[in-house]
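Q: Build me a model:
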Amino acid sequence: ELQPNDVVIKITHAGMCHSDLHTIKGDWGPAKYPVVPGHEIVGIVTEVGSSVSKFKPGDRAGVGVFVDSCRSCAHCSRGEQIFCPKIVHTYNSTHYDGMQAQGGYSTHIVIVDDHAYTIPANLELAGVAPLLCAGITTYAPYKDHGLDKAGLK
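A: Numbering: from 1, shown residues only. Got it, this is the predicted structure:
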């Protein structure tokens, strides 16, 4: 059942990350089979919960390495949801309702609205998907230290 802050995305593209292979092979601990990997995800919003204002059906959206967090711990309060002790990863994880999280190599994904990214219309979806892992990983430190303005060296 769709929750008030849920966004349903029809997946059009998903990048391949080496983390996907590590998970499938159980290199980082036991996988929750059947596991559907993929955490570099873009697609089209098909449905939104009653409290969602950031997205509407037909919008382009992206998903990174997590789809939900508790939103109440110290990390979440500081905007550092990636460190939330109750984080729900995009795949090989369990949602708060007990459902298994399935990643980008599925047809659709459900994500909490404040963890989804708006994808501008001028960008090709196929080229955006890989940015949702390595691109964000390398960009975040620049932004955190004020180095995200054009012309800085």
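
Q: Which parts of the chain are helices?
A: Counting by DSSP state H, one finds helices in the chain at the ranges 18-25, 74-77, 125-128, 134-144.

Q: Please state the offset of the first one from the chain centre?
A: So that's helix 18-25. Relative to its chain's centre, helix 18-25 lies at 17 Å (Cα atoms, centre = their mean, to the nearest Å).

Q: List the buried residues for that helix?
A: 19-20, 23 (16 or more other Cβ atoms under 10 Å). From N, CA and C alone the C-beta is placed, and that goes for glycine too.

Q: Give me the average confidence score over that helix.
A: For helix 18-25, the mean pLDDT works out to 90.

Q: Run through who's touching that helix.
A: For helix 18-25, contacts defined as Cβ atoms under 8 Å, 6 or more residues apart in numbering pick out 27-28, 31, 35, 37-39, 91-92, 103, 133.

Q: Swap in 6 Å and give it another go.
A: The contact list for helix 18-25 (Cβ atoms under 6 Å, 6 or more residues apart in numbering) reads 28, 31, 37, 92.

Q: Looking at those, state which has the most neighbours.
A: Asn92 (24 neighbours; other Cβ atoms under 10 Å).

Q: wait, doesn't it sit right on Tyr33?
A: No: look at Asn92 against Tyr33 with Cβ atoms under 6 Å: they stay out of range, at 9.2 Å.

Q: Tell me who's in contact with Val65.
A: Contacts of Val65 (Cβ under 6 Å, 6+ apart): 39, 90.

Q: What's the local residue count around the closest residue in space to Thr94 that isn't next to it in sequence?
A: Closest residue in space to Thr94, ignoring its immediate chain neighbours: Gln100 at 6.0 Å, by Cβ to Cβ, 6 or more residues apart in numbering. By the criterion of other Cβ under 10 Å, Gln100 has 14 neighbours.

Q: pLDDT score for Gln100?
A: Gln100 carries a pLDDT score of 91 in this model.

Q: repeat for Lys153
A: 67.

Q: for Thr137, same thing?
A: According to the prediction, Thr137 has pLDDT 68.

Q: lowest-confidence helix or strand of the chain?
A: helix 134-144 (a mean of 73; mean pLDDT, DSSP states H and E).

Q: quick one: contacts for the residue nearest to Leu125 when sequence neighbours are not counted?
A: The shortest distance from Leu125 to any non-neighbouring residue, by Cβ to Cβ, 6+ apart, is to Val42 (4.6 Å). By Cβ under 6 Å, 6+ apart, the contact set of Val42 is 13, 62, 119, 125, 128-129.
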